[in-house]
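Enquirer: Here is the input, now give the coordinates:
(2 chains)
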2 protein chains.
Amino acid sequence: MAQRDTETETTAPVSASKERLRLWLRLLKSTRRVEAQLRENLRTEFNSTLPRFDVMAALARFDDGLKMSALSGVLRVSNGNVTGIVDRLALEGLVVRMQVPGDRRAMLVQLTDKGREVFAAQAEAHERWIDDLLGGFTPTEARSFSDRFDSITNLDEEDGQ
Amino acid sequence: MAQRDTETETTAPVSASKERLRLWLRLLKSTRRVEAQLRENLRTEFNSTLPRFDVMAALARFDDGLKMSALSGVLRVSNGNVTGIVDRLALEGLVVRMQVPGDRRAMLVQLTDKGREVFAAQAEAHERWIDDLLGGFTPTEARSFSDRFDSITNLDEEDGQ
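Expert: I've put the predicted structure just below:
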């Protein structure tokens, strides 16, 4: 019983595709776990949700506001969801909707001052949570992983083939 | 104009938390892109979907079948979705549902022989797609990234705090 199982040492090496498949499954698992924790933190600390956070994050990057159509393009959630989220944010005074001059059907959404303030607090907490959840990566390692992922999984250029 | 902008060289280094935030955003982007491509491939090559693939993958690991409740636990999709997916797979002859002996309300779901065959072809293609999409990672690199992610983002143990 104390004898080591030497079988494992003579096993054929795992194929390249199996290593990549393993990496993919780990990545999926890791990102889902981090996302689940973010959802939980947003809920308990800010009584908010990830789609709300994503909508506000998108709006925070555009001082002049975003059209509803652009906003739903920024997010992975459906157009319908964006509408619902913006409705709620507007009710809470975090965003305002304005008519786009010269385009009757287009609506521009913009963070209010209160919205900016609330989002700034959430963004700061979000950065802290990520720093904590991914704290095992050194800054150098984080940077090198980012760069590798960015260069390798940049699939946009391959769309046309 | 030809003079290089030396400003950037004296800029303060990016903070550790910003590097980790950048890594997180890249990871999210990369996994979403790979997932989008997998969805597209499953649709065009097998007229199938990622949730269907996930359900069949879960069933393929359990020769004796899985209870509906366990199946929905395995997946990120909601219980309701699992039911709809299993209904469709059953209609297509890929799975069978059986009563659990001694438990009137529990249903066991199992892949049929045809289901195993169909899934084997999809799993082989899936491994090939991942090998292609993540082909920029060497096998050694893929293994070392997997191991790092696994050790760092294993958040299960922290649930209790």
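Enquirer: right, and the helix or strand after the helix or strand encompassing residue A:90?
Expert: For residue A:90, the host element (DSSP states H and E) is helix A:79-91. Next along the chain after helix A:79-91, taking DSSP H and E as the criterion, comes strand A:95-100.
Enquirer: Which element is encountered next along the chain beyond that following strand?
Expert: Next along from strand A:95-100, by DSSP H and E: strand A:103-111.
Enquirer: so the helix holding residue A:90 versus strand A:103-111, what angle?
Expert: Per axes from the mean of the first three to the mean of the last three C-alpha atoms, to 10 degrees, the angle that helix A:79-91 makes with strand A:103-111 is 60 degrees.
Enquirer: Contacts for helix A:79-91, please.
Expert: Helix A:79-91 is contacted from outside by A:51-52, A:55-56, A:68, A:71-72, A:75, A:77, A:95-97, A:109, A:115, using C-beta atoms under 8 Å, 6 or more residues apart in numbering or on different chains. The way it works is simple: take the backbone N, C-alpha and C, and place the C-beta from them, glycine included.
Enquirer: Then stretch A:140-147?
Expert: With contact meaning C-beta under 8 Å, 6+ apart, stretch A:140-147 is reached by A:134, A:137, B:14, B:16, B:19, B:20, B:22, B:23, B:26, B:145, B:148.
Enquirer: Swap in 10 Å and give it another go.
Expert: Stretch A:140-147 has contacts (C-beta atoms under 10 Å, 6 or more residues apart in numbering or on different chains) with A:131, A:134-138, B:14, B:16-27, B:30, B:145, B:148-149, B:152.
Enquirer: Please flag which of the residues you listed sit within helices.
Expert: Residues from the contacts of stretch A:140-147 lying in helices, with DSSP state H as the criterion: A:131, B:16-27, B:30, B:145, B:148-149, B:152.
Enquirer: and residue A:62, how many neighbours does it have?
Expert: For residue A:62, the tally of surrounding residues (other C-beta atoms under 10 Å in any protein chain shown) stands at 16.
Enquirer: quick one: contacts for it?
Expert: A:70, A:71, A:74, A:108, A:109, A:110, A:111.
Enquirer: can you confirm it is in a helix?
Expert: No. Under DSSP: H, G, I helix; E, B strand; the rest coil, residue A:62 falls outside any helix and is assigned coil.
Enquirer: Over to residue A:135: give its phi and psi.
Expert: Backbone torsions of residue A:135, given as degrees, to the nearest 10, read phi -60, psi -20.
Enquirer: Quickly note the distance from it to chain B.
Expert: Residue A:135 sits 7 Å away from chain B, taking C-beta to the nearest C-beta, to the nearest Å as the criterion.
Enquirer: mind checking how far that residue is from residue B:148?
Expert: Noted for residue A:135: a distance of 13 Å to residue B:148, by C-beta to C-beta, to the nearest Å.
Enquirer: One more: residue A:14?
Expert: Distance from residue A:14 to residue B:148, by C-beta to C-beta: 17 Å.
Enquirer: Looking at those two, which is more packed in?
Expert: Remark: of residue A:14 and residue B:148, residue B:148 carries more neighbours, 16 against 13, as counted by other C-beta under 10 Å.
Enquirer: so that one makes contact with residue B:23?
Expert: No. Residue B:148 is beyond contact range of residue B:23, at 11.3 Å (criterion: C-beta atoms under 10 Å).
Enquirer: Just give me the residues shared between the contact sets of those two.
Expert: In contact with both residue B:148 and residue B:23: A:137, A:141, A:145, using C-beta under 10 Å, 6+ apart.
Enquirer: Which one (most neighbours) among those?
Expert: residue A:137 (23 neighbours).
Enquirer: how near is residue A:52 to chain B?
Expert: In terms of C-beta to the nearest C-beta, residue A:52 sits 17 Å off from chain B.
Enquirer: so what's that residue up against?
Expert: Going by C-beta under 10 Å, 6+ apart, residue A:52 touches A:42, A:46, A:85, A:86, A:88, A:89, A:92, A:94, A:119, A:122.
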